[in-house]
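J.: sequence and predicted structure, then a few things I'm wondering about:
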Amino acid sequence: MTDWQAWHLAYDDPHSDLSGRRRAVQRRIEAWLDGRPDEDLRVVSACSGDGRDLLEVLARRPDGGRVSALLLELDEGLAASASAFAAEHDLQRVDVRRDDAGVTDSYADAVPADLVMLCGVLGNLADEDARATVAASRELSAPGALVIWTRGRFADGDPHGGVGEPTDRVRSWFAEDGFEEVGYDAPRGTGFRVGAHRLVAEPTPLVTGHTFFTFTR
């Protein structure tokens, strides 16, 4: 199994793909917050890691307190890091839980959410589970919710490019499930892609007791 704490060390390099991906995700979060004047917003983040993609944005914004967030992360060290960062920056409405993000029950008291984050998830799943995760995002979403997702650009098993873009499938799945694309970041010379899709169809009720993904590594 992947050592996810060691994997996160690449964030220490500001020139790494992971750092670039985090900045791209944060820009999407900033834009979403700027466009939502609501006094109370809900966020859920699946497989959140150390949570910095969201938490750094909330910490530096004067309106960060209007966001309540559920971060789901099984790795003990990464979850502890997220909790410590939230406490240090007085993010009192952030809840970090060591629960399985691939199980609908883990979200039951935190949805429907206005922002659903699937960052670092889809590229670690079999296609069948990735497809199910996109479908499940509609169950996690409030009307008009935004989903921010990431995926590596390379074909599975070929870190040097492969044939085609796996993200093409992801984008088509969101369209099939009632989402419209509002942004897609594909920087040249990088191995990451960041998408943003808004729910335009009606949300569907959360089906509890359902596992929609299992990590493959």
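T.: Happy to help now that I have it.
J.: now the helices for this structure?
T.: Using DSSP state H, the helices found in the chain span residues 4-7, 17-34, 52-60, 76-88, 127-140, 166-176.
J.: can you list those helices in a markdown table and add mean pLDDT, distance to residue 198 and mean neighbour count?
T.: Yep, even glycine has a C-beta here, placed from its N, CA and C like the rest. Output for these, formatted as a markdown table (pLDDT from 0 to 100; distance: least, Cβ to Cβ, whole Å; neighbours: other Cβ atoms under 10 Å):
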| stretch | mean pLDDT | distance to residue 198 | mean neighbour count |
| --- | --- | --- | --- |
| helix 4-7 | 64 | 29 | 14 |
| helix 17-34 | 96 | 9 | 18 |
| helix 52-60 | 98 | 18 | 20 |
| helix 76-88 | 97 | 26 | 17 |
| helix 127-140 | 96 | 11 | 20 |
| helix 166-176 | 94 | 9 | 17 |
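J.: between the ones you listed, which gets nearest to residue 205?
T.: Nearest to residue 205, of all these, is helix 127-140, at 6.8 Å by Cβ to Cβ.
J.: now that closest one and helix 166-176, what's the angle there?
T.: Here helix 127-140 runs at an angle of 40 degrees relative to helix 166-176 (axes from the mean of the first three to the mean of the last three Cα atoms, to 10 degrees).
J.: heads up, I number from 46, so please use that
T.: Renumbered: residue one is now 46, and that last one reads helix 172-185.
J.: confidence score at residue 190?
T.: At residue 190, the pLDDT value in this model is 98.
J.: do the same with residue 204
T.: Reading off the model, residue 204 has pLDDT 45.
J.: about what we covered before: in CSV: the helices of the chain, plus distance to residue 156.
T.: As requested, the helices of the chain are exported to CSV (distance: least, Cβ to Cβ, whole Å):
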stretch, distance to residue 156
helix 49-52, 25
helix 62-79, 17
helix 97-105, 16
helix 121-133, 19
helix 172-185, 5
helix 211-221, 18
